[in-house]
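1. Show me the folded form of this:
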Amino acid sequence: MSIEIAPLPYERNALEPYLSAETVELHHGRHLKAHVEAVRALLGEEASAATTLDAVLRTAQGRLYDHAAQAWNGDFYWRMLRPAASRRGEPDGRLAELLKQTFGDLARFKQELTTLAQGVFGAGWIWLVQRPDGGLALVTTANAGNPATGGDRPLLAVSLWEHAYYLDYRQARDRYIDALWNLIDWDFVAGNLR
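-> Here you go, the predicted model:
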């Protein structure tokens, strides 16, 4: 156990042309790294070595929570993405069934997520979550918010922080969301189901 930045499971340029190496470096290499370092500094080295980011996320408050949540969210986001050539195009199995039950079909799920993203003012996250009753829902969190602290189980996360997309898409958040559909690792998403 310790709190440290997880290496990317792919090269920094592997998500091109959808996310540039420069965006990956900025978001993962600088912002995520800064949040992990802030958590370690606020906890101290001994406490950082004896706990997990998940444990800190669920108990912290104030600045420690903000940095822990952003570190957790960012790590989850990067593990959810895969180079387009190495991922399956659409969800299947139980995840596909739950998406169909909740949203009607994959196209409607994508549209609802994109519409929700366009309505978020400022920075935050959109999450596909599994509720305690097993159903799925889309939720937004402002800034560093994380739905796991309220009982929902995160399955998929979309960063709405400008550093996630501004270099590649400027203010076209909808184009960024459209590009992400080419990178989502549906096996990872399905693996988060209860």
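2. Contacts only, for residue 130.
-> 98, 136, 152-153, 155, 192-194 (C-beta atoms under 8 Å, 6 or more residues apart in numbering). Placement of C-beta: from N, CA and C, glycine included.
3. after the helix or strand of the chain with the lowest mean pLDDT, next one along is what?
-> Using mean pLDDT, DSSP states H and E, helix 45-49 stands out as the lowest-scoring helix or strand of the chain, at a mean of 90. Downstream of helix 45-49, the next assigned helix or strand under DSSP states H and E is helix 53-59.
4. Mind listing what's buried along that next one?
-> 53, 56-57 (16 or more other C-beta atoms under 10 Å).
5. Export these as CSV, with columns for distance to residue 31 and pLDDT.
-> Output for the buried residues of helix 53-59, formatted as CSV (distance: C-beta to C-beta, whole Å; pLDDT from 0 to 100):
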residue, distance to residue 31, pLDDT
53, 15, 93
56, 18, 96
57, 17, 94
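6. would a markdown table of those with distance to residue 146 be doable?
-> What follows is the buried residues of helix 53-59, written out as a markdown table (distance: C-beta to C-beta, whole Å):
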| residue | distance to residue 146 |
| --- | --- |
| 53 | 11 |
| 56 | 11 |
| 57 | 6 |
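7. Give me the contacts around the longest helix seen in the chain.
-> Ranked by residue count under DSSP state H, the longest helix found in the chain is helix 62-80. The contact list for helix 62-80, computed with C-beta under 8 Å, 6+ apart, reads 3, 5-6, 8-9, 27-28, 31-32, 35-36, 38-39, 42-43, 53-54, 56-57, 60, 125, 143-146, 148-149, 154, 156-159, 164, 184-185, 188-189.
8. which of those residues are buried?
-> Using 16+ other C-beta under 10 Å as the burial test, the contacts of helix 62-80 include 3, 5, 8, 27-28, 31-32, 35-36, 38-39, 42-43, 53, 56-57, 60, 125, 144-146, 148, 154, 156-159, 164, 184-185, 188-189 as buried.
9. Now, those that are in strands?
-> Mapping the buried ones among the contacts of helix 62-80 onto strands (DSSP state E) picks out 125, 154, 156-159.
10. Tell me the one among these nearest to residue 21.
-> The closest of those to residue 21 turns out to be residue 159 (C-beta to C-beta; 16.8 Å).
11. For that closest one, which non-adjacent residue is spatially closest?
-> residue 77 (5.4 Å; C-beta to C-beta, 6 or more residues apart in numbering).
12. how close does the one you found get to residue 125?
-> 8 Å (C-beta to C-beta, to the nearest Å).
13. what do you get for residue 2?
-> For residue 2, the distance to residue 125 - C-beta to C-beta - is 25 Å.
14. Now do the domain split for this structure, please.
-> The chain is divided into the following domains under automatic domain parsing: 21-83, 86-191.
15. Tell me which of the ones you listed is the most buried.
-> Ranked by mean neighbour count under mean count of other C-beta atoms under 10 Å, the domains of the chain are led by domain 21-83, which reaches a mean of 18.
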